[in-house]
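Asker: return a 3D structure for these sequence lines:
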Amino acid sequence: QVQLVESGGGLVQAGGSLRLPCAASGLTFSSYTMAWFRQAPGKEREFVAAISWSSDSTDYADSVKGRFTISRDIAKNTAYLQMNSLKPEDTAVYYCAAAYKSGRAFYRIRRLYDYWGQGTQVTVSS
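Answerer: Now for the predicted structure:
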């Protein structure tokens, strides 16, 4: 049984930082592209960042480029999203997702992800 479990969310002031881990189990972690999406109230779920299964490629939404960093630790079966310089518009539920050996051209396509976590709430106050 595949599980993706996000944690690390919470309330933070604008300009602050948070680090979101996503612990994966039940899959061959090194064979999956890992990504983060987010969904704000009343909005569609949107792409945030992705890292390739081989860890040699990353992609970021323009809105987070230069502020967020995605990484993965194969030994710990965990992906991370380091979020710096947070803004109120970053407030959302953040979801971790996994796609089997997905190529860069497909990172941003939500429906192509095989597994999803339950999400973790991030709230940024102004």
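
Asker: specify the beta-bridge partners of the residue most central in space within the chain.
Answerer: Central residue of the chain (CA atoms, centre = their mean): Trp36, 2.1 Å from the mean position. Counting by DSSP bridges, Trp36 forms beta bridges with Ala49, Cys96.

Asker: surely Arg38 touches Glu46?
Answerer: Yes. When contacts are counted by CB atoms under 8 Å, Arg38 is listed as touching Glu46 (6.0 Å). Where you see a C-beta, it was placed from the backbone N, CA and C, and this is true even at glycine.

Asker: state the distance from the closest residue to Lys76 other than its chain neighbours to Thr78.
Answerer: Once flanking residues are discounted, Lys76 sits nearest to Ala23: 7.7 Å by CB to CB, 6 or more residues apart in numbering. As judged by CB to CB, to the nearest Å, Ala23 and Thr78 stand 5 Å apart.

Asker: then Arg38?
Answerer: 19 Å.

Asker: more neighbours: the two, which one.
Answerer: Each of Arg38 and Thr78 has its neighbours counted (other CB atoms under 10 Å); Arg38 has more, 23 against 18.

Asker: and the gap between the more buried one and Ser25?
Answerer: Relative to Ser25, and taking CB to CB, Arg38 is found at 23 Å.

Asker: ok, Ala98 next?
Answerer: 11 Å.

Asker: which stretch of helix or strand covers the residue nearest to Lys76?
Answerer: strand 18-25 (DSSP states H and E).

Asker: circling back to that earlier point, so Ala98 and Ser25 - more neighbours on which side?
Answerer: More neighbours surround Ala98 than the other of Ala98 and Ser25, with 23 against 11 (other CB under 10 Å).

Asker: correct me, but that one touches Trp36?
Answerer: No. The criterion here is CB under 8 Å, and Ala98 misses it with Trp36 at 11.0 Å.

Asker: show me the strands in the chain, by range?
Answerer: Assigned by DSSP state E, the strands in the chain fall at 3-6, 10-13, 18-25, 32-39, 46-51, 58-60, 68-73, 78-83, 92-100, 115-116, 120-125.

Asker: no further queries at this time; thank you.
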